[in-house]
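>>> quick one: sequence plus predicted model below, questions after.
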Amino acid sequence: MQGTLDLLILQTLQWGPRHGYALSKAIRTNSGEILKVDTGSLYPALHRLERKRWIAAEWKASEVGPRLRVYRLTKIGRKQLLSERSRWERITAAIAGIMNPGKEES
Amino acid sequence: MRFPFWRRGRRNEELSEEMQAHLTLAEREAMEAGQSPKEAQHFARKEFGNVGVAEEVTRDAWGWRRIAETLQDVRYGVRNMLRTPGFTAVTILTLALGIGANTAIFSVVNAVLFRALPYRDAGKLVWATNFVPGQAQNLVFADEYAGYRTQNHMFENIAAYSAAAEYTLTGTGTPERLRGAQVTESFLNVLGVTPQLGRNFLPEEDRPAGSKAVLLSDAVWRANFGADPNVVGKVIALDDTPYTVIGVLRPDFEFLDNSPADVLVPFQLSDSSIQAVNGQVRVMIQPLSVVARLRPGATIAGTVSELDAINKRVIEKLPGNLKQLLGEAHAQVFLLHDHEIGNVRPALLVLLGAVGFVLLIACANVANLQLARAAAREKEVAIRGALGAGRWRLARLLLTESAAVALAGGMAGLVLAAWVIRVIHRFAPANIPHLQAARLDLSVLVFTLAVSLLTGIVFGLAPVLAAFRVSLNNTLKEGGSQSGTGAGTRRAQRVLMVAEIALSFVLFIGAGLLMESFHQLTAIQPGFDPHGVLTAQVALPLDQYQSIDQQRSFFQQLVERLQVLPGVASAGATASIPLRGNTMVSTIQIEGQAPMDQATMNVATASTNAVTPGYFAALHVPLIEGRLLDERDGANAPNAVVVNQAFVRRYFEKEDPIGKRFTMGMGPVTHGPQTWTIVGVIGDTKQQGLASEVLPEATASALQWPRFMMTLVLRTSVEPVSLVSAVRKQVSDLDKNLPVFGVQTMDDMLSAEVASQRFNAGALAGFAGLAVLLAGVGIYGVMAYAVSQRTREMGVRIALGAETGNVLRMILGQALRLAVIGVGLGLAASLGLTWLMSGLLFGVKPTDPETFVLVTGALLVVALAACWIPAWRATRVDPVIALRYE
């Protein structure tokens, strides 16, 4: 779903700045290996969010060798995350309602 | 952080670095999980997927894709252009011709037609006149103007002005001839302009016999007064009358009627043309022009009917003969802009249309070339399609290429246009107003850019449409280099060729009609012999030469002196010189004829002229019957006139005119009509200009009807202009303050008369020639290509025994069919379009059959000639070589 990946990225960055690889790993681990983010989607999304100024990037040296491009949530991004999340919750609730129609009535 | 577009190189490197880091981290983790380095690397790569694709789609997220691709396309297009320099040169040259011609003509149209007049809110300004049918001319006089001024409800403000006339400035060195106009004090206010120094006229300066004030133009102020900042308040002498300088006009001030004015003086009009002078009633009609500013909401139609109503009231009060003469006058009101440029608009619009056609032909040519090349590039297009380029991506690539070519053509066109504008400045007739303002300014550059891009899209569409039809499978399967042109492309090329012929045909017809007009105009006999004749004007200041005796004796003496100058065959003076059209028209009453023609309700009228006896010999005006005026017709002799043939045709159809008598409303003494006896008939001379009909004319001797302003006419046995200083000397010997002006040979006057026809015909002929050249080259190109595509077929035909004549006939026959279709379409288009230029034609109908036949023949010849070489080449095909090609 369009925007889902954006939400996952913003939500994950809320716990602290991360570089691309760590981000993809975090999403995968936190979803219990269910959500696997394709790099061909991850990086365009990161760069798009950066262009919208929801996240910011910075080059950081790493102890493992190459320097890493680390992304963090911006103020705008934090606000955006809140609204995206409430939107997401409404949608999931709505879908849940459709999936289990009996529950609401009883 | 956002990166600007121009730093994308660095950004690309960073993207690669980011991807690489991702891979490194994944690898390291896999190794930590116990895999061998090789396995780990393999695993990381597999999990990552295609690095190139990931980078590509990430770059898309930057939002630069459009720009980057366009740049890439441009680079590609330029590279492509450079790969085929001959082809590119032909394309750019063709476009440069089309765009250059358009830019040049647009710069003229922009300067002349689209330019706002340099007055405040110029759209509200109108120019008003009365058309007098009996006189076939426009006339507004003081009584009518006074009526307009006091009784109108349509004008915010109204002003009158005289045509610019000659004044002599004395006291600042040698006498200087200046052009000056009389204007009412409201004149500058109506136009909404103010002087740069000093002030406008005051109402009291504009009353009859008011004080003499003058406004100087910026040019005169600089040239004759050294831009003296203290010039205001100085007294200068104009025609020996002292005038006080009250101000200096701005440099951008323009007088009306496209005529420059060096000085403006107050009109000092009285409200009535009928005045009592020394106990005699005199009617002094001075023609004037009216310019006014419309009130908000006032309409032209409303203004016309109001002015007509005022005219009616004014004319009611006039004496009988004037009432009769002016009774049918009706008001005409034009927007000032239309009045100023109206007469050149049709010619310029026709030229603009013509260059538009030239551009279309250039487009068709280039489209043809591009089509031919598109066929050669079919494979490239197919491969690009196979590699995943979308249709629109391909279209953009091809269109960007065409646009790049078109811009290059536009740039070359600008260079060409700059040159054409110089030529136009040199050769254009003087009657095109503001032409000097034509130059390559910003709006012209914008026009050129727009035209270039539009051109690029128009001719670029052909290969794009061809590319859309390319079928990947077929093209790639064909394999060999002999894929040839598709039927669609061939059809498109034929359509373009037909269009080129049709467009050229229309242009050719236009040029042909204008050239025929020019020919007709120059073939007109002016009624006199213009070669070797010098003319010059002398005007006597009326305050010094008040009596008609003084005027008579001055010109009598002057002509006597001129006659004995070495190099002068005969000399005379005339009140009205042919071609200038400044004759006075008078009512006449022929003895024994009704005062009014009952059939047409027209009053009898005639142009009047007064000449010294030497005039007829000097201009070689032929005597038809009776005798010419001579010394016998002196001041005290009976009044004698010679009339022209038009006069005889109109009034003495079945009678002998010699000895007949008539009275004229005008004459040497204005208070009563005088009787004149016809002593001779002279040939018709074109007084009003070559193109005008000759009016009935009565010519009196200047001894019997002296004038204060006359044109000297000298037939010379030497080069006419070599006598100018001798003439000036004779005049200044008689009166040293008297300037000679308007010096011109009759030949020059005649060629100025046909200048605009010559320019129109020349310009359109030039564009038509260009069009035919382009079309010829285009047809040649298409045919040559078509023949080269059919080399094998020709080889087979020749191998099977076709003779040279057969092959030639076949190819020419096909070309001829296309040419005939093109000519047919052009014929239809011409019949629909040439009436638009009927106002520019003279002596030839817009559907002149001769021109149409000639042009049809000429174009068919050009088309066949352009096909001949390729066709001939086809006959030389060696069947062995042609067949081996496969």
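Structure received.
>>> how confident was the prediction at B:Gly52?
Looking at B:Gly52, its pLDDT is 82.
>>> where does it fall, phi/psi-wise?
Phi and psi for B:Gly52, reported as degrees, to the nearest 10, are phi -60, psi -50.
>>> pLDDT score assigned to residue 86?
Using chain A here. pLDDT, A:Ser86: 88.
>>> that answer is for a different chain, and I need it for chain B
79.
>>> quickly find the element holding it.
For B:Gly86, the element it lies in under DSSP states H and E is helix B:85-112.
>>> what residues sit buried inside that helix?
B:87-88, B:90-112 (16 or more other CB atoms under 10 Å in any protein chain shown). Glycine gets a C-beta too; all of them are placed from N, C-alpha and C.
>>> ok, now stretch B:847-863?
Counting neighbours by 16+ other CB under 10 Å, stretch B:847-863 gives B:848, B:851-852, B:855-856, B:859-860, B:862-863 as buried.
>>> any idea which helix or strand carries the most centrally placed residue in chain B?
Central residue of chain B (CA atoms, centre = their mean): B:Leu348, 4.1 Å from the mean position. Element membership of B:Leu348 [criterion: DSSP H and E] is helix B:345-376.
>>> I'd like to know which elements that helix is packed against.
helix B:85-112, helix B:391-427, helix B:442-469, helix B:487-523, helix B:755-789 (3 or more CB pairs under 8 Å, 6 or more residues apart in numbering or on different chains; DSSP states H and E).
>>> chain A is nearest to which of the ones you listed?
Chain A sits nearest to helix B:391-427 of all the helices and strands packed on helix B:345-376, at 19.1 Å, using CB to the nearest CB.
>>> show me what the closest one packs onto, helices and strands only.
Partner elements for helix B:391-427 (3+ CB pairs under 8 Å, 6+ apart): helix B:65-83, helix B:85-112, helix B:345-376, helix B:378-386, helix B:442-469, helix B:755-789.
>>> which one of those lies closest to B:Gln557?
In terms of CB to CB, the element of those nearest to B:Gln557 is helix B:755-789, at 36.2 Å.
>>> can I get the next helix or strand after the closest one as CSV, trimmed to CA atoms?
Sequence order places helix B:791-799 as the next helix or strand after helix B:755-789, per DSSP H and E. C-alpha atoms of helix B:791-799 as CSV (Å, rounded to 0.1, in the frame of the first residue of the first chain):
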residue,chain,number,x,y,z
THR,B,791,17.8,1.2,-57.4
ARG,B,792,17.2,-2.5,-57.4
GLU,B,793,13.9,-2.2,-59.1
MET,B,794,15.5,0.0,-61.8
GLY,B,795,18.2,-2.6,-62.2
VAL,B,796,15.6,-5.3,-62.7
ARG,B,797,13.6,-3.2,-65.2
ILE,B,798,16.7,-2.4,-67.2
ALA,B,799,17.9,-6.0,-67.0
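>>> where are the low-confidence patches of chain A?
By pLDDT under 70, the low-scoring segments of chain A are A:1-2, A:64, A:102-106.
>>> around chain B, pick out the residues from it.
Contact residues (CB under 8 Å from any CB of the partner chain) of chain A with chain B: A:19-22, A:38-40, A:43-48, A:50-51, A:53, A:56-57, A:59, A:62, A:64-69.
>>> any idea how many residues pack against B:Val713?
Residues within reach of B:Val713, counting by other CB atoms under 10 Å in any protein chain shown, total 28.
>>> helix, strand or coil: sort out it for me.
strand (DSSP: H, G, I helix; E, B strand; the rest coil).
>>> quick one: the nearest residue in space to it that is not next to it in sequence from B:Arg115, how far?
Using CB to CB, 6 or more residues apart in numbering or on different chains and skipping the chain neighbours, the partner closest in space to B:Val713 is B:Ala618 (4.4 Å). B:Ala618 sits 44 Å away from B:Arg115, going by CB to CB, to the nearest Å.
>>> what's the answer for B:Ala309, then?
From B:Ala309 to B:Arg115 the distance is 35 Å (CB to CB).
>>> one more: B:Ala223?
Taken as CB to CB, the span from B:Ala223 to B:Arg115 is 26 Å.
>>> equivalent analysis for B:Ala21, please.
Taken as CB to CB, the span from B:Ala21 to B:Arg115 is 64 Å.
>>> of those two, which one has the most company?
Per other CB under 10 Å, whichever of B:Ala21 and B:Arg115 has more neighbours is B:Ala21, with 21 against 16.
>>> and for B:Gln20, the neighbour number?
12.
>>> just the element for it, please.
helix B:8-32.
>>> what comes up buried for that helix?
Applying 16+ other CB under 10 Å to helix B:8-32 flags B:8, B:14-15, B:18-19, B:21-31 as buried.
>>> that helix - contacts with which helices or strands?
Using 3+ CB pairs under 8 Å, 6+ apart, helix B:8-32 sits against strand A:18-19, helix A:20-30, helix A:39-51, strand A:68-73, helix B:37-48, helix B:51-61.
>>> and these as JSON lines, adding mean neighbour count and distance to B:Thr612?
Converted to JSON lines, the helices and strands packed on helix B:8-32 look like this (neighbours: other CB atoms under 10 Å in any protein chain shown; distance: least, CB to CB, whole Å):
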{"stretch": "strand A:18-19", "mean neighbour count": "20", "distance to B:Thr612": "109"}
{"stretch": "helix A:20-30", "mean neighbour count": "18", "distance to B:Thr612": "107"}
{"stretch": "helix A:39-51", "mean neighbour count": "21", "distance to B:Thr612": "93"}
{"stretch": "strand A:68-73", "mean neighbour count": "21", "distance to B:Thr612": "103"}
{"stretch": "helix B:37-48", "mean neighbour count": "15", "distance to B:Thr612": "109"}
{"stretch": "helix B:51-61", "mean neighbour count": "16", "distance to B:Thr612": "93"}
